[in-house]
Each structure stands twice: as C-alpha cells, then as structure tokens.
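**Student:** Let me see the structure of the following:
(2 chains)
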Amino acid sequence: MNQKDKFSKEDRTTRVDEEKFRSLIGCLLYLTAIRPDIFNATSLLSRFIHCPREIHIRATKRILRFIKEAYNFGVKFLKYQELRLHGFSNSDWGRFIDDMKSTSGFRFNLGSIIFSWSSKKQDIITQFTVEAEFITT
Amino acid sequence: MAITRDVYFHKEEQWDWRDSQINELLEDKIKPQLQDESIDDSLIKSTRSLEDIYQRSSVAVCKPEDYEEAQQNPEWQKAMQEEISMIEKNCTWELVDKPSNKNIIYVKWVFRTKLNANSTINKHKVGLVVKGYTQIYGIDYSDTFSLVEKMDTSRLLFVIAAHKNRKVYQLDVKSAFLNGILQEEIYVEQSTEFVIQRKEDKVYLLKKALYGLKQALRAWFGKIDDYLTSSGFQKSLSEATLNVKKINNDVLIISLYIDDLLVTGSNIQQVGEFKQKMMQVFEMTNLGLMRFFLEMEIVQSKEEIFIC
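**Tutor:** Down below sits the predicted model:
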C-alpha cells in the first residue's frame, strides 16, 4: 500500500462492484491469519466494503500483486536461544480522514518469532498523539 | 457508353453438364466440403454425458445438488451408506412412535468434496443434516455458544513446539457432532431415501446431536471437554480449548479446534499413547504430523515450523 494514499468513503472516483470487493477483502482477511505483512493494509481497506471506489480496489490489487511476488512468504517458527516475550505497539494519529480516529497496532514476539499481531481502528477520537499511543497500550 | 440492368434469359440453351472444364471447377469447390463432412462424421464415435467430461477435465463439478443426482454416482452412494451406518453405530437415534405435541424436524442430505492442499479430491463427504432453522428457542434448544480457539494460541503452540524441537500431530474426529450428547428431547423424521419398511410413521428420537442442530457444536464441545478433564487434563485459564497434562516431568499439550486436535508433547511415547487412547474413545483419523490445518500449509522440520 502506498503510504501517502488517503482513503475516504466520499472518494470522487467511480464506484465499483461491491460484492467482488467484499469477497476479495474477505479472502485477504483470512490470509492475514498467516501473513502479518498485509494486515494493516487489509484492515484499512476493509473499512470500505460498503462503499468501494476505484481507489480502494486499486489499492487492493496492489496487495494482490505483492502477494503474487511474495508468494512463498509465511511465518517461520525457529528454535531461538531464549524465549522472551516482547511486545511492540504503535499507532498513527488521525490517519483515517472520515472520522479522524487513529489506528493502533501491536505485535507480540517470543524470542524473535512473531505469533500475535493486530491492527485496529480505535474506538474514540484522540486529540493528542500521546493519547493515541496510550490507548494502543 | 450506356450500362443496362436488363437481364436476358436464354430459354433455349441449357447448362452443359458434360463440359469437363466446368466439372473440374465444381469438383474443386464442392468436393473438399464433402470430405470435411465425412471426417466430422467419423470423429464422433460415441456420446458422453457432460458430468463425465467435467470429471475428466480439471474443472470438476465437485458436488451433486440433491439426492437424485448423488444416487447415480457410486462414490456418493457409498459415502451415504457409510454416513447412515455411522449414525446407527453411534446409537444416535432411536425409532419411536410419532409424538403428537412435539415439533418434528426434517432432515436433508448435504454433499461436499474435501480437497487436498494441491486441490486433488481427498474424499467425498456426505452429511445428513437436520433443518435447524425449524427449531424453537427455549423448547428445542437453549444455549448454542461454543468455544473456538484463537489463532494466536495455536501459533503460540507452534512457537513453543519449534523451540523445544517437538513435533505437532494432528487428529481429526470423524463426524464429531454425532458424539455430542443432547439434553433436550428432539424428534426428527426419517430420511425419505432410507425409510425403514413397515415403520414409515415412526420418527427418530435423537440421543446424540446431528449436524445442523443448533446446539450440536456445544454438545460436542461439552463431551470432549468432559473427557479431557476426566483423563487428567488441566484447562488453560485464558483459553479453555488448550489442555495441558503433566506426567512426571513431561508435558502433553492438546489444542482443540472444534473437531481438529493438535497434539504435542515432550515425550513422543506419551503422545502416541494419548493418540491411541483417543482413537479408541472417539472415531478418529490419525493425520500424523500436522500438514494442513485450517487451510494453512505447514511444513515441519528439525527445530523449525513454517506456515504459508
């Protein structure tokens, strides 16, 4: 996904077939169970399944192209010296321009192996970046 | 110069069929066509049904729509017989007189083809399902919720297994829901294709759950959960589907995903014993090392598990 893309429900590009978009996002969401790399992009695009525009489907196709290139990627569980639990979290601030809510994400590692990940829009509007980070944690 | 469009007919003259030049022309033009037709004719040796062609091509029509269609295929027929005998063997139901004041639920056949990871046909699956939507809340069922595992938990299991250099094994319960014991009194009609003669008016009283019942999932989960607890397993506090048993210094971890069991442990012997025991209690297929779980392809090698 292009980092600079801003998606909105009221995008001016033409509307596309809702059903196809919905099933495409559904497939991608299932794929996120084993692919943390497309999680953020997919969950962002899944907010538009009721009003898909051309810009959204274009971004979705970009994900598909990425998957095609990185077809063999997956999560590998290896033996690691010490099993230590690490958690990482982050959030953007008001990236979603329709309601100015932030998106927060986290990942948990044991050693260097990722086993839990998420990316989710926060429930409330935050006024400060610090607040957004706080809600994430 | 003037051009006329008048046509003059030579009534007296005739086409000279014996003219060799014209015949040659005719032969050139018409004969090839005739030959083509004859080739076409010889090619069609016999006709085949569309279904047959579909089966030979890569786009297979994987499932029949209803009983009539399935009956024609011996594979499906065999699978249906198996399903019925499975139900009988499990003592799922009992033939009783039709009660007058009870809701009777109808049944239906469902067909599905199970595919392997490389999309070849694994097996023909047939299920006798009840039409659960005719059940009434409070009379035919009460609680319907059941627990499923979070993906995070199974991934965590992989992490630990890979770290400790253990292998994860997979067991699959055959017709899992048929094992669940029902609390409610539920009657179903006889399947129209497998009616027992001279007992047409009778209906089945269900003792165990059937697919399609609203509480089937819950009944099954209760059953397996009870069994695991009674055989000394301890449930994880935060994930009820994760069961751990400690024997001396070894641990045995069972993760339950509805009817798929993932088994791993520090002692391979114990894992084997557990699998044997489970297969005696429930009807199970031993899938060996986990390779294909929830549509994920899993590769296990030494100190390494890879999912993609």
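
**Student:** Could you look up the SS state of the closest residue to residue B:123 other than its chain neighbours?
**Tutor:** In space, residue B:123 comes closest to residue B:114 once its chain neighbours are excluded; the distance is 5.2 Å by CB to CB, 6 or more residues apart in numbering or on different chains. C-beta: built from backbone N, CA, C; applies to glycine. Assigned by DSSP: H, G, I helix; E, B strand; the rest coil, the conformation of residue B:114 is strand.

**Student:** Show me what residue of the stretch 151-300 of chain B gets nearest to chain A.
**Tutor:** Relative to chain A, the nearest point of the stretch 151-300 of chain B is residue B:162 (3.6 Å; CB to the nearest CB).

**Student:** wait, I meant chain B
**Tutor:** Nearest residue of chain B to chain A (CB to the nearest CB) works out as residue B:308 at 2.9 Å.

**Student:** The residue of the stretch 151-300 of chain B closest to chain A contacts residue A:79, correct?
**Tutor:** Yes - counting by CB atoms under 8 Å, residue A:79 is a contact partner of residue B:162 at 6.1 Å.

**Student:** shared neighbours, these two?
**Tutor:** Contact criterion CB atoms under 8 Å, 6 or more residues apart in numbering or on different chains; residues shared by residue B:162 and residue A:79: B:303, B:304.

**Student:** These two: which has the busier surroundings?
**Tutor:** Using other CB atoms under 10 Å in any protein chain shown as the criterion, residue B:162 and residue A:79 rank with residue B:162 on top: 26 against 14.

**Student:** Determine the three-state secondary structure at that one.
**Tutor:** Following three-state DSSP, we place residue B:162 in the helix state.

**Student:** What about the residue in chain A that chain B sits nearest to, how many residues nearby?
**Tutor:** As assessed by CB to the nearest CB, chain B sits closest to residue A:74 within chain A, at 2.9 Å. Residue A:74: 16 surrounding residues under other CB under 10 Å.

**Student:** that older thread, which residues are in contact with the residue of the stretch 151-300 of chain B closest to chain A?
**Tutor:** Counted by CB under 8 Å, 6+ apart, residue B:162 has contacts A:77, A:78, A:79, A:113, B:303, B:304, B:305.

**Student:** Surely residue B:87 and residue B:126 touch.
**Tutor:** No - applying CB under 8 Å, one finds residue B:87 not in contact with residue B:126, separated by 11.3 Å.

**Student:** how about the helices in the stretch 101-250 of chain B?
**Tutor:** B:151-163, B:216-230 (DSSP state H, counting those that start in this stretch).

**Student:** Average pLDDT for the longest one, rounded please.
**Tutor:** Put plainly, it is helix B:216-230. In this model, helix B:216-230 has an average pLDDT of 87.

**Student:** Now it: buried residues?
**Tutor:** B:216, B:217, B:218, B:219, B:220, B:221, B:222, B:223, B:224, B:225, B:228 (16 or more other CB atoms under 10 Å in any protein chain shown).

**Student:** Ok, stretch B:275-282 next?
**Tutor:** Neighbour counts over stretch B:275-282 (16+ other CB under 10 Å) mark B:275, B:278, B:282 as buried.

**Student:** Equivalent analysis for stretch A:47-66, please.
**Tutor:** So stretch A:47-66, judged by 16+ other CB under 10 Å, has buried residues A:47, A:48, A:49, A:52, A:53, A:55, A:56, A:57, A:59, A:60, A:63, A:66.

**Student:** Turn those into a markdown table, including distance to chain B and pLDDT.
**Tutor:** A markdown table is the format used below for the buried residues of stretch A:47-66 (distance: CB to the nearest CB, whole Å; pLDDT from 0 to 100):
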| residue | distance to chain B | pLDDT |
| --- | --- | --- |
| A:47 | 21 | 89 |
| A:48 | 24 | 89 |
| A:49 | 21 | 88 |
| A:52 | 25 | 89 |
| A:53 | 30 | 89 |
| A:55 | 30 | 88 |
| A:56 | 25 | 90 |
| A:57 | 24 | 90 |
| A:59 | 23 | 90 |
| A:60 | 20 | 91 |
| A:63 | 16 | 91 |
| A:66 | 15 | 92 |
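
**Student:** and the closest residue to the residue of chain B closest to chain A other than its chain neighbours, backbone torsions?
**Tutor:** Leaving aside its chain neighbours, residue B:308 sits nearest to residue A:74 (2.9 Å; criterion: CB to CB, 6+ apart). Torsion angles at residue A:74 (phi, psi; degrees, to the nearest 10) stand at phi -170, psi -170.

**Student:** List the contacts of residue B:86.
**Tutor:** B:174, B:175, B:178, B:283.

**Student:** How about residue B:204?
**Tutor:** B:93, B:94, B:95, B:96, B:187, B:188, B:189, B:190.

**Student:** 7 Å instead, please
**Tutor:** B:93, B:94, B:95, B:187, B:188, B:190 (CB atoms under 7 Å, 6 or more residues apart in numbering or on different chains).
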